[in-house]
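> Return a 3D structure for these sequence lines:
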Amino acid sequence: MKKRSLAALTAALLVTPLLAAGAPGQRAEAAEPDADGASPSADAPLVHGVDLNTVTIPELQAHMKRGSLTSSALTRAYLRRIEAIDPKLHAVLHISPTALRQAAASDVRHRRGRVLGPLDGIPVLLKDNVDTHDMPTTAGSLALAGSPPETDAVLVRKLRAAGAVILGKANLSEWANFRAAKPTSGWSAVGGQTNNPYVLDRNPCGSSSGSAAALAASLAQVAIGTETDGSIVCPAGMNGVVGHKPSLGLVSGSGVVPISAEQDTAGPMARNVIDVALTLSVLSGRDTVRAGSPVGLTDAGTRPGGLRGKRIGLWRLPLGAEVDALMSRTAARLRAAGAQVVEVTPPYQERLAELEFPALLSEFHRDIDAYLATRSGPRNLAELIEFNRAHPAERTCFAGQELFEQALVAPATTDPQYRAMRAELKDLSRRSIDETMAAHDLDAIAAPTNPPAWTTDCGRGDNDVIPSSTPAAVAGYPSLSVPAGSVGELPVGLLLMAGDHQDAELLSLGAAVERRLDAWRAPRYLPTLPSGTSRPSGR
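Numbers count the residues shown, from 1 in each chain. Down below sits the predicted model:
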């Protein structure tokens, strides 16, 4: 297929019959709207008859084009939901003081027929390690809770230029879970503990925990997360939403609080693949990722029958009998849709696990020093360590900052031993995917994204040894988590990964998998798991 412009593809999406049915999942019963046509109820999130749980961006744009919905009404509906539901979740840290003004400006553009693209008027939450000049950017730490950054991150400038409504900032695991040896995902000194919307005493996974939990609760249409290894896809899987870790370099990291330039990337999260694809097209500034690619980003989700003839390698992982049974049911459903699913085990995983953490320590010291030099507060890692020692509020959930202390004395990134380590990591991680895909002629490798969410416990910390994200994260290759089903009340994702800059192809395949599995369901905000409900579920 020839490359088409983003505007042309967006116009096609708005009238595509396939998308008229909306995202997979259930529809809420109608509820009595308020004066703005919005209902902040957790059971029936409606605005002017539009179900926020399942509506897609193309459907919203169609409503706004007809004049049956405005960005202002949509933004107010999400703000009301945040007010009503977020006290249970602690997913949202800050609300933009200009959100409604942004929405009003979008309404003017829609009335004049001057829409800037598919995200014009769409409310977006940002993880709070993404710089914004008009809101705090804290990475969850009191050390950065003073003056906001002077400028927006590059990705924020792209969202604003596309007309997106920057709704606010989402909580995260403090310093993107790179502070303590046994952290608790979803906790930060600034925002407290983010809870999993499905079962509130369960963990949301880290570190884009607030972004994922907010989406599961329909507190925004789209959210931005960041990942070094697992921090987009694991929260997406554990909160039952879609998360895409783009190929390294596809989305600018300028203005994002770093861990490692060799692995860090921001990426889109949403309740369906098409919204993720449209958001990535804005974040990356391109529609087709690779020259000559047969699939554009905005094509994702528009091709029925997309699984027939696809070859998917299933990598089973020891995440429990219930997750394994869900993967078996998932494989059967994909086969029934015409895909060929073969069992695979990517090589070199033990060696990757040995090398990754030491390399990240060296890279973190280099990259966090460079970032802190641009902010008020601690100016380098040594000063940051001293700040944490002097502020007891930084130790209210867990006291440790072992990773900071190890990074401070790690070899510099100019050290030959470090350079050899990172070179081996890059080589083996890419080979683990490339060789597996070539040996079995695969379109993608699939694996469980996450185990069922564990109980949040500051004293114990996380139970998060989840190796499925590592090959793509270390290689800089794309990965995508889509809902696969549940173990009892707790969502489990299916992680798909592919080769370098095959983001568009992966999103297209992910949309076909999403349609076939149809696994999304709204959370019920249970305080805890009732006894006798551990039996796995999922269609």
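> Quick check: pLDDT value at R521.
For R521, the model assigns a pLDDT of 96.
> Tell me if it really is in a helix.
No. Using DSSP: H, G, I helix; E, B strand; the rest coil, the assignment for R521 is coil, not a helix.
> For it, give its distance to P204.
Going from R521 to P204 by CB to CB, to the nearest Å gives 17 Å. For glycine as for every other residue, the C-beta is placed from the backbone atoms N, C-alpha and C.
> of those two, who's got more company?
P204 (32 against 21; other CB atoms under 10 Å).
> Can you classify the more buried one by secondary structure?
Per three-state DSSP, P204 ends up coil.
> what's the answer for G306, then?
coil.
> all strands in the stretch 301-450 of the chain, in order from the N-terminus.
311-314, 340-343, 444-448 (DSSP state E, counting those that start in this stretch).
> Pull up the distance across stretch 463-474, start to finish.
21 Å (CA to CA, to the nearest Å).
> right, I mislabeled it, should have said stretch 384-401
10 Å.
> Which residues outside it are in contact with it?
Here stretch 384-401 makes contact (CB atoms under 8 Å, 6 or more residues apart in numbering) with 141-143, 179-184, 187, 189, 193, 368, 372, 377-378, 404-405, 408, 458, 461.
> Buried subset of those residues as a ChimeraX selection?
Entered in ChimeraX, the line below selects the buried ones among these, by 16 or more other CB atoms under 10 Å:
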select :141,142,143,179,180,183,184,187,189,193,368,372,377,378,404,405,408,461
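> Of all the strands of the stretch 301-450 of the chain, which one is nearest N272?
strand 444-448 (18.4 Å; CB to CB).
> if we can go back for a sec, out of the strands of the stretch 301-450 of the chain, which is closest to A353?
If we rank these by CB to CB, the stretch that ends up nearest is strand 444-448, at 15.1 Å.
> Point out the other helices and strands that the closest one packs with.
Using 3 or more CB pairs under 8 Å, 6 or more residues apart in numbering; DSSP states H and E, the elements in contact with strand 444-448 are strand 311-314, helix 321-336, helix 416-440, strand 490-497.
> again, only using 6 Å
Where contact means 3 or more CB pairs under 6 Å, 6 or more residues apart in numbering; DSSP states H and E, strand 444-448 is packed against strand 311-314, strand 490-497.
> Mind listing the strands that strand pairs with, and their directions?
With DSSP bridges as the test, strand 444-448 is paired with strand 311-314 (parallel), strand 490-497 (antiparallel).
> need those in TSV with mean neighbour count and mean pLDDT, can you?
Putting the strands paired with strand 444-448 into TSV (neighbours: other CB atoms under 10 Å; pLDDT from 0 to 100) gives the following:
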stretch	mean neighbour count	mean pLDDT
strand 311-314	20	98
strand 490-497	28	98
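> Minimum distance to L326: which of those has it?
strand 490-497 (5.7 Å).
> Take whatever helix or strand comes next after the closest one, keep the C-alpha atoms, and write them as PDB.
As assigned by DSSP states H and E, the chain's next helix or strand after strand 490-497 is helix 503-517. Output of helix 503-517 as PDB, limited to C-alpha atoms (Å, rounded to 0.1, in the frame of the first residue of the first chain):
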ATOM      1  CA  ASP A 503       5.800  -0.400  15.100                       C
ATOM      2  CA  ALA A 504       3.100   0.100  12.400                       C
ATOM      3  CA  GLU A 505       3.000  -3.600  11.600                       C
ATOM      4  CA  LEU A 506       2.900  -4.500  15.300                       C
ATOM      5  CA  LEU A 507       0.000  -2.100  15.900                       C
ATOM      6  CA  SER A 508      -1.900  -3.500  13.000                       C
ATOM      7  CA  LEU A 509      -1.400  -7.100  14.200                       C
ATOM      8  CA  GLY A 510      -2.300  -5.900  17.800                       C
ATOM      9  CA  ALA A 511      -5.600  -4.400  16.600                       C
ATOM     10  CA  ALA A 512      -6.500  -7.800  15.000                       C
ATOM     11  CA  VAL A 513      -5.600  -9.600  18.200                       C
ATOM     12  CA  GLU A 514      -7.600  -7.100  20.200                       C
ATOM     13  CA  ARG A 515     -10.700  -7.600  18.100                       C
ATOM     14  CA  ARG A 516     -10.400 -11.400  18.300                       C
ATOM     15  CA  LEU A 517      -9.800 -11.600  22.000                       C
END
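> Quick check: mean pLDDT of helix 503-517?
96.
> Which strands or helices does it pack on?
Against helix 503-517 (3+ CB pairs under 6 Å, 6+ apart) you get helix 273-284, strand 479-487.
> make it 7 Å
helix 273-284, helix 321-336, strand 479-487, strand 490-497 (3 or more CB pairs under 7 Å, 6 or more residues apart in numbering; DSSP states H and E).
> Roughly how far does L200 sit from A420?
Distance from L200 to A420, by CB to CB: 46 Å.
> hang on, S218 packs against V47?
No. Judged on CB atoms under 7 Å, S218 makes no contact with V47 at a distance of 10.4 Å.
> Looking at the two, which is more packed in?
V47 (27 against 23).
> Bridged to that one, which residues?
Applying DSSP bridges to V47, the residues it is bridged with are A38, V50.
> Around R419, count how many other residues there are.
14.
> follow-up on the earlier one: what would the strands paired with strand 444-448 look like in JSON lines with distance to E424?
Formatted as JSON lines, the strands paired with strand 444-448 follow (distance: least, CB to CB, whole Å):
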{"stretch": "strand 311-314", "distance to E424": "24"}
{"stretch": "strand 490-497", "distance to E424": "20"}
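> Nearest to T436, out of those?
That would be, of these and by CB to CB, strand 311-314, which comes in at 6.1 Å.
> How far away from the center of its chain is the closest one?
In terms of CA atoms, centre = their mean, to the nearest Å, the centre of strand 311-314 is set 23 Å apart from its chain centre.
> same check, this time on stretch 228-241
Using CA atoms, centre = their mean, the offset of stretch 228-241 from its chain centre is 6 Å.
> Buried residues of that stretch, list them for me.
In stretch 228-241, counting by 16+ other CB under 10 Å, buried: 228-241.
> which of those residues sit farthest apart?
Farthest pair in the buried residues of stretch 228-241, by CB to CB: T228 and G240, 22.5 Å.
> What's the separation between the residue of the chain most remote from its centre and S362?
When distances are taken from the C-alpha mean of the chain, P416 lies farthest, 34.4 Å away, according to CA atoms, centre = their mean. Taking CB to CB as the measure, P416 falls 12 Å from S362.
> ok, now L144?
22 Å.
> Quick check, pLDDT for the residue lying closest to L200 once chain neighbours are set aside.
Leaving aside its sequence neighbours, L200 sits nearest to P527 (CB to CB, 6 or more residues apart in numbering; 5.4 Å). For P527, the pLDDT comes out at 97.
> Start the count at 698 instead of 1 going forward.
Let's use 698 as the start, then, which means that last one is P1224.
> Thank you kindly, that will do.
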